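K.L.:
Could you look at this predicted model? Sequence included:
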Amino acid sequence: MCAKVGGLSKINYKETRGIKVAGGSRVKAGTVLTRQGDKWKPGVNVAGRMHLTASCDGEIYFTKKSGSYKKAVTFVNVRSVEKVAKKKTAKKAVKE
């Protein structure tokens with residue numbers, strides 16, 4: 001019989017932390033964007049502190065701003081579906 005019963009060990013736990021989605025990818029409301037990270041802050045249409053989740057359907061984008069003590073802070077944002085659709089129609093109109 002084994003001594004351990006399921007669960008994550010401290011060796012493998014660090015693999016589950018970090019950013020879960022890439023910039024430009026589409027997400028649905030409630031999608032987990034990051035796990036256990038203080039490197040990222042919630043931006044537009046994002047909820048949470050340590051575990052950031054999407055508040056609405058849309059597209060992911062990142063912004064950087066200067067923080068205190070000359071450190072850059074990265075904000076995770078979600079561009080809503082309506083804004084994504086408007087942006088695409090504007091690009092098509094410019095091309096034609």
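P.N.:
That came through fine. Numbering: from 1, shown residues only.
K.L.:
all contacts plus neighbour counts: C-alpha atoms, from now on.
P.N.:
Noted.
K.L.:
How many residues are close by the nearest residue to residue 67 once chain neighbours are set aside?
P.N.:
Leaving aside its chain neighbours, residue 67 sits nearest to residue 73 (5.8 Å; criterion: Cα to Cα, 6 or more residues apart in numbering). Residues lying near residue 73 (other Cα atoms under 10 Å) number 16.
K.L.:
Equivalent analysis for residue 16, please.
P.N.:
If you count neighbours by other Cα under 10 Å, residue 16 ends up with 12.
K.L.:
residues contacting the spatially closest residue to it that is not a sequence neighbour?
P.N.:
Residue nearest to residue 16 in three dimensions, not counting chain neighbours: residue 35, with 7.5 Å by Cα to Cα, 6+ apart. Residues near residue 35 by Cα atoms under 8 Å, 6 or more residues apart in numbering: 16, 17, 18, 19, 20, 50, 51, 52.
K.L.:
and those residues as CSV, adding secondary structure?
P.N.:
Listed next are these as CSV, based on DSSP: H, G, I helix; E, B strand; the rest coil:
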residue, secondary structure
16, coil
17, coil
18, strand
19, strand
20, coil
50, coil
51, coil
52, coil
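K.L.:
Could I get those residues in a markdown table, plus columns for distance to residue 82?
P.N.:
A markdown table is the format used below for the contacts of residue 35 (distance: Cα to Cα, whole Å):
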| residue | distance to residue 82 |
| --- | --- |
| 16 | 32 |
| 17 | 31 |
| 18 | 28 |
| 19 | 25 |
| 20 | 23 |
| 50 | 28 |
| 51 | 25 |
| 52 | 22 |
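K.L.:
which regions of the chain sit below the pLDDT cut-off?
P.N.:
Low-confidence segments of the chain (pLDDT under 70): 1-15, 84, 91-92, 94-96.
K.L.:
Would you state the strands of it in chain order?
P.N.:
Assigned by DSSP state E, the chain shows strands spanning 18-19, 26-27, 34-35, 40-42, 46-47, 53-54, 58-66, 72-80.
K.L.:
Can you tell me which helices and strands the last one packs against?
P.N.:
In other words, strand 72-80. If you count contacts as 3 or more Cα pairs under 8 Å, 6 or more residues apart in numbering; DSSP states H and E, strand 72-80 packs onto strand 40-42, strand 46-47, strand 58-66.
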